[in-house]
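Trainee: starting from these lines, generate the structure:
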Amino acid sequence: MLRGVLGKTFRLVGYTIQYGCIAHCAFEYVGGVVMCSGPSMEPTIQNSDIVFAENLTRHFYGIQRGDIVIAKSPSDPKSNICKRVIGLEGDKILTNSSSDFFKSHSYVPTGHVWLEGDNLQNSTDSRYYGPIPYGLIRGRIFFKIWPLSDLGFLRDSPNGHRFSDD
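Mentor: So this is what the prediction gives:
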């Protein structure tokens with residue numbers, strides 16, 4: 001009897017470890033569900049919206065201008081940020097001061113991207129901490145799950161003019 005109980009226990013532990021490894025690989029390499037917080041991506045993503053982030057694009061297809069990404073925060077590595085890709089390596093980015101009086105250009109170095117929130121007046125982004133290394137990108141957000149009234153693919157940036165090649 002003890003032998004039968006031990007056999008079932010070890011089988012259960014073995015299955016638990018196997019399924020745990022499968023779940024880890026799925027969330028780490030395929031994607032997962034993420035809750036976004038903060039006002040920086042409004043109106044595209046509201047505070048507490050739940051979205052799906054896929055991780056395959058950063059490995060196989062490459063991140064594109066206009067993609068919304070989850071990245072490790074360059075100022076706090078324990079937290080993630082949700083921002084839109086405005087510039088890729090080699091791009092020239094027009095940066096404005098808060099008064100919108102002084103304008104300057106920044107160049108995105110090799111291996112980096114320029115990220116900004118859709119809510120430009122309330123976003124801490126590359127205008128504050130500069131371009132971030134591509135390696136900090138965790139995944140690409142493309143589908144909103146919650147609230148159900150907004151279920152579907154994410155819309156384009158309300159700041160589409162920021163993507164100009166000038």
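Trainee: so for stretch 43-52, what gets flagged as buried?
Mentor: 44-45, 49, 51-52 (16 or more other CB atoms under 10 Å). From N, CA and C alone the C-beta is placed, and that goes for glycine too.
Trainee: ok, stretch 119-132 next?
Mentor: 119, 123, 125-127, 131-132.
Trainee: give me the contact list for it.
Mentor: 39-43, 71, 74-75, 81, 83, 86-87, 93, 95-96, 106, 108-109, 112-117, 159 (CB atoms under 8 Å, 6 or more residues apart in numbering).
Trainee: tell me the contacts of the residue nearest the centre of the chain?
Mentor: Closest residue to the average C-alpha location of the chain: residue 70 at 1.4 Å, with CA atoms, centre = their mean. Under the criterion of CB under 8 Å, 6+ apart, the neighbours of residue 70 are 34, 53, 80-82, 137-141.
Trainee: tell me which element it is part of?
Mentor: strand 68-72 (DSSP states H and E).
Trainee: for that strand, which strands pair with it and how are they oriented?
Mentor: strand 80-87 (antiparallel), strand 137-146 (antiparallel) (DSSP bridges).
Trainee: wait, which of the buried residues of stretch 43-52 is closest to residue 19?
Mentor: Of all the buried residues of stretch 43-52, residue 19 sits closest to residue 52, with 21.1 Å by CB to CB.
Trainee: chain neighbours aside, what residue packs nearest to the closest one?
Mentor: residue 143 (4.4 Å; CB to CB, 6 or more residues apart in numbering).
Trainee: my read: the one you found touches residue 153, true?
Mentor: Yes - with contact defined as CB atoms under 8 Å, residue 143 counts as touching residue 153 (5.8 Å).
Trainee: backbone dihedrals for residue 113, please?
Mentor: phi -130, psi 160 (degrees, to the nearest 10).
Trainee: got the contact list for it?
Mentor: Contacts of residue 113 by CB under 8 Å, 6+ apart are 63, 69, 85, 87-89, 131-132, 134, 137.
Trainee: between the residues you listed, which is nearest residue 1?
Mentor: For the contacts of residue 113, the nearest to residue 1 is residue 137 (54.2 Å; CB to CB).
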